[in-house]
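**Q** With the sequence up front, the predicted model follows.
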Amino acid sequence: PLGVDVAVGNQHSDRELTLVGKMSDYGQPVRFGYFLTPEAHPTRPLELAQLADELGLDYVGVQDHPYQRRFHDTWTLMTAIAMRTHRISILPDVACLPLRPPAMMAKAAASLDQLSGGRFELGLGAGGFWDAIVAMGGLRRTPGESITALEEAVQVLRLLWSEETAARFQGEFYQLAGVRPGPPPAHPIGIWLGVYKPRGLALVGRLADGWLPSLGYARPDDLDAGNRRIDAAAVAAGRDPAAIRRVLNVMDRPNAELLAHLALERGMD
């Protein structure tokens, strides 16, 4: 998701955006969104989401920092956004896995997808800001443990969106003991991972539907290296790298030249 001022400033038609996307590395149409801070204001976050919807943006991505006292709960806010908008898709950008058990997240995501008419995608992160997570009752995990837990969470999510009669899973961090999945999502929810290190990038290639980094935490050259690692893992797993979305948060106010560069030369869509 990019800044709303950028999306508004580039008056491209859907046809033009799709054409630009097909010229990029992976052939995905270029889409735009707004990266929403869930500030605990009674109306402002909803007004911004409604404006993004009215302006024709494709996504609204909502930060998820439950330990931040100045923020609304992201999942509650996303539900309110879904009820106030009509066409825009909604995602946590990215959901804080250490404070949100994946079985409950699967239920919430499927419910929100149904309630919104199939307008939900799932941005998911392994966790960060560990002191704040621990202060809220979460467990501190090492980097290796975080990626292991993230991989298990992806599997749990998929099981609970499946048609299994009784889902079972036995992992190091998460378990399912014969739970009945449901309700099903209204559409196949994409799982987009906000990761940066080699194991996380390989996980995107093997199991996820998209990569969701932020410019600043990753430099443009890092995007190239990350895409290469994702592609290699996808090919090794028998997957088509072009089917994996490459979604980028751009925090500042980028110009059209930078956006074109990211899409055409860095593979981001």
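**A** Right, received. Where do you want to start?
**Q** what's the neighbour count on residue 255?
**A** When neighbours are counted by other Cβ atoms under 10 Å, residue 255 registers 12. C-betas here are computed from N, CA, C, even on glycine.
**Q** What's the separation between residue 267 and residue 30?
**A** As judged by Cβ to Cβ, to the nearest Å, residue 267 and residue 30 stand 11 Å apart.
**Q** any idea how far residue 126 is from residue 88?
**A** The separation that residue 126 has from residue 88, given Cβ to Cβ, amounts to 27 Å.
**Q** let me redo that: residue 268
**A** In terms of Cβ to Cβ, residue 268 sits 20 Å off from residue 88.
**Q** More neighbours: those two, which one.
**A** Neighbours per residue (other Cβ under 10 Å) separate residue 268 from residue 88, with residue 268 holding more: 26 against 22.
**Q** Please settle this for me: is that one part of a helix?
**A** No: counting by DSSP: H, G, I helix; E, B strand; the rest coil, residue 268 is not part of a helix but coil.
**Q** contacting residues for it?
**A** 24, 223, 246, 247, 248, 262 (Cβ atoms under 8 Å, 6 or more residues apart in numbering).
**Q** would you turn those into TSV with distance to residue 41?
**A** TSV is the format used below for the contacts of residue 268 (distance: Cβ to Cβ, whole Å):
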residue	distance to residue 41
24	37
223	33
246	32
247	26
248	27
262	31
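**Q** Out of those, name the ones that lie in strands.
**A** residue 246 (DSSP state E).
**Q** what's the lowest-pLDDT member of the contacts of residue 268?
**A** Across the contacts of residue 268, the bottom pLDDT score, 47, is held by residue 24.
**Q** Provide the secondary structure category for residue 123.
**A** Residue 123 ends up strand, using three-state DSSP.
**Q** show me where the stretch 1-150 of the chain has helices.
**A** 4-9, 14-22, 44-54, 74-84, 102-115, 130-135, 143-160 (DSSP state H, counting those that start in this stretch).
**Q** One more: the stretch 151-269 of the chain?
**A** According to DSSP H, counting those that start in this stretch, the helices that the stretch 151-269 of the chain contains are 198-207, 220-236, 256-264.
**Q** For residue 60, find the nearest of those helices.
**A** helix 256-264 (18.1 Å; Cβ to Cβ).
**Q** can you redo the contacts of residue 268 as CSV with neighbour count and distance to residue 63?
**A** Listed next are those as CSV, based on neighbours: other Cβ atoms under 10 Å; distance: Cβ to Cβ, whole Å:
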residue, neighbour count, distance to residue 63
24, 21, 26
223, 20, 21
246, 25, 20
247, 24, 14
248, 22, 15
262, 22, 21
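**Q** Among the contacts of residue 268, which one sits closest to residue 77?
**A** Here the nearest of these to residue 77, counting by Cβ to Cβ, is residue 247; it sits at 19.7 Å.
**Q** Isn't that closest one up against residue 191?
**A** No: using Cβ atoms under 8 Å as the test, residue 247 is too far from residue 191 to be in contact (11.7 Å).
**Q** Identify the contacts common to these two.
**A** Joint contacts of residue 247 and residue 191 (Cβ under 8 Å, 6+ apart) are residue 210.
**Q** Can you give me the end-to-end span of stretch 54-69?
**A** In stretch 54-69, first residue to last residue: 29 Å (Cα to Cα, to the nearest Å).
**Q** nope, stretch 96-110 is what I was after
**A** 17 Å.
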